[in-house]
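**Student:** what's the 3D shape of this:
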Amino acid sequence: MNGFLDESNFLMVEEGFTTRDLLENLLAELCQASGQRALFVADLGDIVKQHLRFLKALPRVKPFFPVKCNGSEGVIRLLAELGAGFACANKAEITRVQSIGVPADRIFYSSPCKQVAHIKHAASRGVQLMAFDNEVELSKVARNHPRARMLLGIAAESSPSAHPSMTFGATLKSCRHLLEAAKEQAVEVVGISFHLGGRAREPQAFAQAVAAAQVAFEVGTELGYHMRLLDIGGGFPGTEDSRARFEELAAAINSALDLYFPNGCGVEIIARTGRFYITSAFTFAASVTAREEAAAEQPGSDGRRAGGAGAAGQRLPAPSPCCPAEEEPGTERSLVGLCGPAGPAQDRIAQGLRLPELHVGDWLVFEGMGAYSLPGPALRDGPQPHVTYAMSRPAW
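**Tutor:** Purely as a prediction, here's the structure:
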């Protein structure tokens, strides 16, 4: 053990438990005592399982977890214990990770758009690995963090974006100019980065992106840089996808890496994987705090609308009632819309859900809530949903 996580950080449970079982046991005691109206249960053993699955499928790739995906303390401690790195988007996330003892060499300041104050903070805390994809970002880093080690972010899209102004990543045509500009400003460039986003579920997209990265590597080497790090980004599915399972994506990535960056070439490979690690580990429960009869002619509604505590404003997967009463065979379910506490117009969560009749005080359970369901360190303001971390002894 590395000392980031111990048994005081989680609840030890029997093998075979489910987060839903544990959640139902917690509801009465926790909510009656504290008035908590929303809570999470996290199965840390599920994250361990996903970590081992990742290492088996992509043995040459070191995972860097994006803190913005889930910055809860139990998750950060567990992943630090497992040896993962962390991709941080701002000063608050860097501070969060370093507060539990993660060394600076396991942190990647991955944001393509950085505030000068945050660059200076990274420099003061010894965080050197950063990314850039244009001359403005390059100049900011050159002036404020002369010891930075930079990755040039390239656009991995094979087709033009519908919104090119919103696309991060330099084109291959501009790589030479940016690398020459970095050389003029005495900035150390150590490798290439790309991020496929939604296209990460297409095996062929990874092959194309790795091939493009190899071209950029050659330009950097030609200009005298010691190119030694490749970041293949993230976007791996957090749930099984009908288009491509994770292992199928991994096989395509391994083939491309073996072709363009063969084992022994001296290039370290990292990935920023968030959803894959964390989605299935968290279950969320929220209570119904209000109920309103909506106009029956509204789309996706037969007149019922429920409001409750939400999870960081995200759109939730279809819920199920917690401990529902016995329903008679053939009992009709109603179409229900769910809203957060801000109200239906400002905080609409879901529409057209077919659920039994709900009342104030009832609980709804949402599974697969690990990714982007908790506010990041920079956004925390006011009370947050309670998180109970659990792990079975065999997983520990």
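**Student:** now the residue nearest the centre of the chain: how far from residue 131?
**Tutor:** The chain has residue 69 as the residue nearest its centroid, 2.8 Å off, counting by Cα atoms, centre = their mean. Note on residue 69: its distance to residue 131, by Cβ to Cβ, to the nearest Å, is 17 Å. In short, each C-beta sits where N, CA and C put it, glycine included.
**Student:** circling back to that earlier point, quick one: contacts for the residue nearest to the centre of the chain?
**Tutor:** Residue 69 makes contact with 274-275, 277-278, 371-372, according to Cβ atoms under 8 Å, 6 or more residues apart in numbering.
**Student:** Try it again at 10 Å.
**Tutor:** 75, 87, 234, 238, 272-279, 370-374, 376 (Cβ atoms under 10 Å, 6 or more residues apart in numbering).
**Student:** Just those: which are in strands?
**Tutor:** 87, 272 (DSSP state E).
**Student:** What about the contacts of residue 69, which are in helices?
**Tutor:** Members of the contacts of residue 69 lying in helices (criterion: DSSP state H): 75, 275-278.
**Student:** among the residues you listed, who's most crowded?
**Tutor:** residue 277 (31 neighbours; other Cβ atoms under 10 Å).
**Student:** Look at that one and report its pLDDT.
**Tutor:** Looking at residue 277, its pLDDT stands at 95.
**Student:** Return the mean pLDDT over the longest strand that the chain contains, rounded to an integer.
**Tutor:** Using DSSP E, we find that the single longest strand of the chain is strand 282-293. For strand 282-293, mean pLDDT is 86.
**Student:** Show me what counts as buried in that strand.
**Tutor:** Residues 282-288, 291 are the ones in strand 282-293 that count as buried (16 or more other Cβ atoms under 10 Å).
**Student:** Show me where this protein dips below the pLDDT cut-off.
**Tutor:** The chain contains residues with pLDDT under 70 at 1, 28, 30-35, 157-167, 241-244, 294-332, 342-346, 376-384.
**Student:** Tell me which stretches of it form helices.
**Tutor:** Using DSSP H, helices in the chain cover 19-34, 44-57, 73-81, 91-98, 116-124, 135-144, 172-184, 203-222, 246-260, 275-278.
**Student:** how far is the fifth one from where the chain is centred?
**Tutor:** Taking Cα atoms, centre = their mean, to the nearest Å, the mean C-alpha location of helix 116-124 is offset from the chain mean by 23 Å.
**Student:** and it, what does it pack onto?
**Tutor:** When contacts are defined as 3 or more Cβ pairs under 10 Å, 6 or more residues apart in numbering; DSSP states H and E, helix 116-124 packs onto helix 91-98, strand 107-109, strand 129-132, helix 135-144.
**Student:** Indicate which one of the ones you listed is closest to residue 393.
**Tutor:** With Cβ to Cβ as the criterion, residue 393 lies closest to helix 91-98 of the helices and strands packed on helix 116-124, at 27.5 Å.
**Student:** Buried by neighbour count: which residues of that closest one qualify?
**Tutor:** 91-94, 96-98.
**Student:** now stretch 134-150
**Tutor:** 134-135, 137-138, 140-142, 144-145, 148-150.
**Student:** Determine how far that stretch lies from the middle of the whole chain.
**Tutor:** 26 Å.
**Student:** What is the end-to-end distance of that stretch?
**Tutor:** 12 Å (Cα to Cα, to the nearest Å).
**Student:** what angle sits between the longest strand of the chain and helix 73-81?
**Tutor:** 160 degrees (axes from the mean of the first three to the mean of the last three Cα atoms, to 10 degrees).
**Student:** And strand 282-293, how far out from the chain middle?
**Tutor:** Distance, centroid of strand 282-293 to centroid of chain: 24 Å (Cα atoms, centre = their mean).
**Student:** Kindly report the same for stretch 215-234.
**Tutor:** On Cα atoms, centre = their mean, the centre of stretch 215-234 falls 25 Å from that of its chain.
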